[in-house]
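Student: here is a sequence with its predicted model. Questions after.
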Amino acid sequence: MEHSVEIEPIPNRWNWVAYELAQDKLALEQAQQYSQSSISTMTEKMRQVSLDHVTSEDVRQVSALAAYWDTFGWIQFQKGNVAEAEKYVKCSWQVRWIGEIGDHLGQIYDKQGRKSEAIRAYELSLATTMPKPETKDRLLGLLGPDADIETLAHQANQQLADARTLAIANTAKAEGIAEFWVLLSPGAKVVGVKFISGDDQLAQFASELAAANYPNFFPDETAIQLLRRGRLSCSESSAQCRFLLESAEAVRATN
């Protein structure tokens, strides 16, 4: 199950129990307490993240928190609090692009009667590296039994990449590829940007990345710092570079 992220044993255990209860629609108030405890513990740890020294634990915490947000959102969905569920699951999905979370988001949209958004969420979910088998059936239920699900999932591969990409002005007419850390706080505020590796001429883009418009990855205004890693690709013939944010579970602390 995707919500047993290896990080700290206690909050991870709370989250696991909370998610299992939510899946079975049992003791949802208790599940919510466990989930909130997991989130609070992880949030406290992530306030100390610094770009001066990014550790493997810092990286794992991002993936874990995204899983915890999804668990909390799923509990809200099972309780009938659909708007609150969307807020948490959507933020989780924007940080950790895995099939289970995308499937949850699709179900939330479907419950709200937002059919086109549910279809898109299911298609993107199927384009992830870990799609859920049930997602195909949900998508067929919306599109009809004759829908070509495999083709739709293949087409969604590029859409998934596009959804994770920011356009950055290439005023320097630079060419190359480089990796960067970006540290964010609620309200999509940039705390800092750090060049990791790649073509040295792209290091100058740290200021452009700091000024970019990022999605708000935070479901609430709790003080926290969220670490993201991305790959900047530039071509001197293009007016824009592409900054592709990595899915949290795929990020490594090493260069």
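Tutor: Received the coordinates, thanks.
Student: which neighbouring elements make contact with whatever helix or strand R229 lives in?
Tutor: With elements taken from DSSP states H and E, the one containing R229 is strand 226-234. If contacts are counted by 3 or more Cβ pairs under 8 Å, 6 or more residues apart in numbering; DSSP states H and E, strand 226-234 sits against helix 56-79, strand 176-185, strand 240-245. Where C-beta positions appear, they are placed from N, C-alpha and C, glycine not excepted.
Student: what sits against the residue nearest the centre of the chain?
Tutor: In the chain, the centroid-proximal residue (Cα atoms, centre = their mean) is V95; its distance is 1.5 Å. Applying Cβ atoms under 8 Å, 6 or more residues apart in numbering, one finds that V95 lies in contact with 62-63, 65-66, 69, 217, 226, 228, 247-248.
Student: rerun at 6 Å
Tutor: If a contact means Cβ atoms under 6 Å, 6 or more residues apart in numbering, then V95 has 66, 217, 248 as its contacts.
Student: and which of these is nearest D146?
Tutor: Taking Cβ to Cβ as the measure, A66 is the one of the contacts of V95 closest to D146, at 35.1 Å.
Student: quick one: the closest one and D58, what's the gap?
Tutor: 14 Å (Cβ to Cβ, to the nearest Å).
Student: which helix or strand contains E100?
Tutor: For E100, the element it lies in under DSSP H and E is helix 99-111.
Student: can you give me the offset of that helix from its chain's centre?
Tutor: Taking Cα atoms, centre = their mean, to the nearest Å, the mean C-alpha location of helix 99-111 is offset from the chain mean by 13 Å.
Student: and for it, what's in contact with it?
Tutor: Contact with helix 99-111 is made by 2, 70, 74, 77, 82, 85-86, 89, 92-93, 117-118, 121-122, 124-125, 128, 130-132, 135, as judged by Cβ under 6 Å, 6+ apart.
Student: which parts of the helix or strand harbouring L124 are buried?
Tutor: Under the criterion of DSSP H and E, L124 resides in helix 115-126. Across helix 115-126, burial judged by 16 or more other Cβ atoms under 10 Å covers 117-126.
Student: leaving out chain neighbours, which residue sits closest to the residue nearest to the centre of the chain?
Tutor: Nearest in space to V95, with sequence neighbours left out and distances taken as Cβ to Cβ, 6 or more residues apart in numbering, is A66 at 4.2 Å.
Student: next one: T71
Tutor: Leaving aside its chain neighbours, T71 sits nearest to Y19 (4.6 Å; criterion: Cβ to Cβ, 6+ apart).
Student: so what pLDDT did the one you found get?
Tutor: Per-residue confidence for Y19 comes out at a pLDDT of 96.
Student: how far away is it from Q36?
Tutor: Where Q36 is concerned, Y19 sits at a distance of 13 Å (Cβ to Cβ).
Student: what about those two, which has more around it?
Tutor: A direct count of neighbours by other Cβ atoms under 10 Å for Y19 and Q36 places Y19 higher, at 26 against 15.
Student: same for the helix or strand harbouring L140, what does it pack against?
Tutor: With the criterion set as DSSP H and E, the secondary-structure element containing L140 is helix 133-143. Packed against helix 133-143 by the contact rule (3 or more Cβ pairs under 6 Å, 6 or more residues apart in numbering; DSSP states H and E) you find helix 115-126.
Student: one step back: in its sheet, what does the strand holding R229 sit against?
Tutor: Taking DSSP bridges as the criterion, strand 226-234 pairs within the sheet with strand 176-185 (antiparallel), strand 240-245 (antiparallel).
Student: what's the angle from the first one to helix 56-79?
Tutor: In other words, strand 176-185. Using axes from the mean of the first three to the mean of the last three Cα atoms, to 10 degrees, one finds that strand 176-185 and helix 56-79 are set 60 degrees apart in direction.
Student: list the contacts of strand 176-185.
Tutor: The set of residues external to strand 176-185 that reach it, using Cβ under 6 Å, 6+ apart, is 51, 191-199, 202, 209, 225-234.
Student: I am finished for the moment; much appreciated.
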